[in-house]
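Q: here is a sequence with its predicted model. Questions after.
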There are 2 protein chains.
Amino acid sequence: MAFEITKDLLENVTLHIENGNDNGLSMLFSEMHYADIAEVLEEISYNEAVYVIKLLDSETTSDILIELDEDVREKIFEQLTAKEIAEEVEELDSDDAADIIAELPEERQEAVMSQIEDEEHVKEIEELLTYDENSAGGLMAKELVQVNENWTVLKCVKEMRIQAEEVTRVHSIYVVNEAGQLKGRLSLKDLLVASTRTPISEIYIPKVDSVHVNESAEDVANVMRKYDLEAIPVIDDHETLVGRITIDDIVDVIKEEADKDYQMAAGLTQDVDSDDSIFHLTKARIPWLFLGLIGGIGAFLIMEGFQDLFSEDAILFFFTPLIAAMAGNVGVQSSAIIVQGLANDDVKGSINNRLIKEMLLAALNGLILSVFLFLFIWLYNGEAQKALAISVSLIVVIIVAGLIGTFIPLFLNKRGIDPAIATGPFITTSNDIFGILIYFWIAKLIIGM
Amino acid sequence: MAFEITKDLLENVTLHIENGNDNGLSMLFSEMHYADIAEVLEEISYNEAVYVIKLLDSETTSDILIELDEDVREKIFEQLTAKEIAEEVEELDSDDAADIIAELPEERQEAVMSQIEDEEHVKEIEELLTYDENSAGGLMAKELVQVNENWTVLKCVKEMRIQAEEVTRVHSIYVVNEAGQLKGRLSLKDLLVASTRTPISEIYIPKVDSVHVNESAEDVANVMRKYDLEAIPVIDDHETLVGRITIDDIVDVIKEEADKDYQMAAGLTQDVDSDDSIFHLTKARIPWLFLGLIGGIGAFLIMEGFQDLFSEDAILFFFTPLIAAMAGNVGVQSSAIIVQGLANDDVKGSINNRLIKEMLLAALNGLILSVFLFLFIWLYNGEAQKALAISVSLIVVIIVAGLIGTFIPLFLNKRGIDPAIATGPFITTSNDIFGILIYFWIAKLIIGM
């Protein structure tokens, strides 16, 4: 079942385009899934991709366009007329349609919207554009199947047939009252086993999970994952049913959130992949590296400040990479645990309790590692006092690093800032500086005793 | 809609259990979703949780048990008889039932299986237990709705009503031939709009995505995400339909994979969360810290080896934390991009091309950062030669760090090892050592000129 882009396939496509062999192209693509065609279009030139988009019918191309990377899609749209884009948009569900429109430059948005013939669709898209893209409203589609609680099953099935034509996947059937307020749902299974004469009010399930239109995308994802939902209705302040979110969009949210947190932890400031241009990759990589450089200069200044220890205690300076590495690693570990806990919504209780626990944990880890380090230095050069100075400093550095790694994400989260920025280079850099400072300070104290 | 565990709720539960107020407890829980009850059980003691499990009916408790953390579930099962566990297992779909059985100690597995009354269920569970838990077979459930291509719609609907009773969510209806081979599917939407007399062979869709029973869970997740599938049929070598995987299980796979990669990058060797015990957290954190310690000792030995540079070029030693930090950050960035690309299955082309690209990228980043560092050192202490030595070394260190970060995950992946272990502390530690070694070596060379 796995689809693989082969060199042969790409050559075939390019050759057909060069020769203007439209029939050959259509034949080739007619056998392929739109998601696979999208992958092919990402491997050929923009002009070739535009050629294919103009050739195939808009029912297929609209699906292909949704699958493309945003930057590829943008480039293709630059070469299409407003009318052509409008034709694509007409084929799409309201949520995808709104996403596409939102990506267009403002002056083109109106041009495209004015070319869409289906007025209902325009109204739906306009409504969806008013919501924040990271909210339930930004994720939901207007297409859904809803029935009135006062209908009979017969009328219901008839109406549903009409509505189902518009909806790609039915999932649940939502039951509303005369005012359009969400009352419950009708499962497809109930529909399969119910006799046609039963009134809706008798068979619908009055309990239905729903989310408010302003709920954050991440919270919606957590709710749907927790309750194993495949679709969830969206309501407004008046409990009116305004849309529906399906699990496939949530899968993308979960994947994107995870990728984003991972990239933050790895010190990448933008969503990049390995096929992006060197310029694009540099833009994503250099900011955190620059922060690391500043941190390194900070460490240099600190060490320079302690250079009078040099003649007698050169060994202290040889252990700074170890101290910096441990401070960084401990900081990343503790921040990662907090960031992940916050994302999964299971960090409860007070910040103080967290900090006390982290202190005990770091003290235990620090003690184990320091005993080992003490023995190494002592056996290596026989200077017990220096070995003690370095090992004790390491314990303190690890405790402080753990506390910083725990506190900063919790603090950012309280302030409404994404705690994920406090992982990776941010925490390693600040811990390097604090670590080295504390290390020299305590070591000097112990050696001076 | 959001459910929050309050102190009041927990006190209420504990009080009811203490007083043996079974009615009160039943009332309290009857209003709650099983996933919420599971959250409550994780906050109270094991004995209290067992009390609740024994009190509620097995239809609810089986769902609750599936939602619990594995370690909590294990402890609860220790206090249930084989018969009681069998009753829970009977309520579950085959995939969840098999997961539960697999977690039991071997001697209990048979005891529980022998107590299950439904022989069909036992056979299904036994079959599922033969598959690797990270394969399609390990994810799939035996419950699905399948119809024969030779049936009429009337017969089909009748049979489906019987089958649908067993299946929690219908999704697609799979069409098979007499031999049980998968031929296609019947969408629910088609069913809604089709007349009852149509023969199945005329209305089914012959194109259906499927996965082989031995496909890896990660690949299944990629396929379902790419094609926006909510369920996928699983076939064996003879194309016989053997099961079905639903999107909710895939959501868990995606989430777990992402969490695992994130934890690896953060230097955690086990799946931990912030509420785990200090002992458990130490076990997850100390291995990579220990590696960092060994790396730090390696850096110490290298610096000691260069100590004859000390008297004249002490400044070199003050910049080792900067060098180590940059080597680590660059290594983590490049390895993260490769690991994420491999997970999303979009790293194509030869390793050599990747390495050349990374070299150019690292050279560009290194140049930008080195110019800045050169200017800083030069302006700060006026020694152009030392500034040059340190800056040039930095460029080389960054290039080597980028190459190591790119090569190691690609190499591990080729060898069939999870490339994610090559992120985080592993790459920072090895890059620290290489970085410092290269740095002193090149700096010495330039200063000696």
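A: Done, it's in.
Q: residue contacts, A:Val339?
A: Applying CB atoms under 8 Å, 6 or more residues apart in numbering or on different chains, one finds that A:Val339 lies in contact with A:261, A:265, A:409, A:419-420, A:422-423. C-betas here are computed from N, CA, C, even on glycine.
Q: neighbours of the closest residue to A:Ile66 other than its chain neighbours, how many?
A: The spatial neighbour of A:Ile66 that comes closest, neighbours along the chain excluded (CB to CB, 6 or more residues apart in numbering or on different chains), is A:Asp96 at 5.1 Å. By the measure other CB atoms under 10 Å in any protein chain shown, the count of residues near A:Asp96 is 20.
Q: quick one: A:Asp96 from chain B, how far?
A: The span separating A:Asp96 from chain B equals 11 Å under the rule CB to the nearest CB, to the nearest Å.
Q: for A:Asp209, same thing?
A: When A:Asp209 is compared with chain B (using CB to the nearest CB), they lie 6 Å apart.
Q: for that residue, give me phi and psi.
A: Dihedral pair for A:Asp209: phi -70, psi 140, per degrees, to the nearest 10.
Q: geometric centre of chain A: which residue is closest?
A: By CA atoms, centre = their mean, chain A has its centre lying nearest to A:Glu257, at 2.0 Å.
Q: pLDDT weak spots in the stretch 301-449 of chain A?
A: With pLDDT under 70 as the threshold, the stretch 301-449 of chain A has low-confidence stretches at A:349.
Q: do the same with the stretch 101-250 of chain A
A: Confidence mapping of the stretch 101-250 of chain A against pLDDT under 70 gives the ranges A:168, A:170, A:189, A:192.
Q: in the stretch 301-449 of chain A, what residue is nearest chain B?
A: In the stretch 301-449 of chain A, the residue that lies nearest chain B is A:Leu322 (2.4 Å; CB to the nearest CB).
Q: what segments of the stretch 201-350 of chain A are strands?
A: Taking DSSP state E, counting those that start in this stretch as the criterion, the stretch 201-350 of chain A contains strands spanning A:211-212, A:231-235, A:241-246.
Q: follow-up on the earlier one: okay if I get the contacts of A:Val339 as TSV plus neighbour count and distance to B:Glu4?
A: Supplementary listing: those in TSV, determined by neighbours: other CB atoms under 10 Å in any protein chain shown; distance: CB to CB, whole Å:
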residue	neighbour count	distance to B:Glu4
A:Asp261	24	24
A:Ala265	30	29
A:Pro409	29	21
A:Pro419	24	20
A:Ala420	25	23
A:Ala422	28	25
A:Thr423	30	27
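Q: how many neighbours does A:Gln385 have?
A: Neighbouring residues of A:Gln385 were enumerated by other CB under 10 Å; the total is 11.
Q: I misspoke; the intended subject was A:Glu149.
A: By other CB under 10 Å, neighbour count at A:Glu149 equals 19.
Q: who are the contact partners of it?
A: For A:Glu149, the residues meeting the contact criterion (CB under 8 Å, 6+ apart) are A:175-177, A:183-184, A:200-201, A:204.
Q: please redo it, this time with the cut-off set to 7 Å
A: Applying CB atoms under 7 Å, 6 or more residues apart in numbering or on different chains, one finds that A:Glu149 lies in contact with A:175-177, A:183, A:200-201, A:204.
Q: top of the residues you listed by number of neighbours, please.
A: Per-residue neighbour counts (other CB under 10 Å) across these peak at A:Val175, which has 25 neighbours.
Q: any chance you could list what contacts the strand or helix carrying it?
A: A:Val175 is part of strand A:173-176, with elements assigned from DSSP states H and E. Under the criterion CB under 7 Å, 6+ apart, residues A:144-149, A:160, A:182-186, A:200, A:204, A:233, A:241 lie in contact with strand A:173-176.
Q: can you tell me which of those residues are in helices?
A: When the contacts of strand A:173-176 are checked against helices (DSSP state H), the matches are A:160, A:200.
Q: what's the closest of the contacts of strand A:173-176 to chain B?
A: Ranked by distance to chain B (CB to the nearest CB), those are led by A:Met160 at 6.3 Å.
Q: skipping adjacent residues, who's closest to the closest one in space?
A: Spatial nearest neighbour of A:Met160, chain neighbours left out: A:Val145 (5.6 Å); criterion: CB to CB, 6+ apart.
Q: could you pull out the strands for the stretch 1-150 of chain A?
A: Using DSSP E, counting those that start in this stretch, the strands found in the stretch 1-150 of chain A span residues A:146-148.
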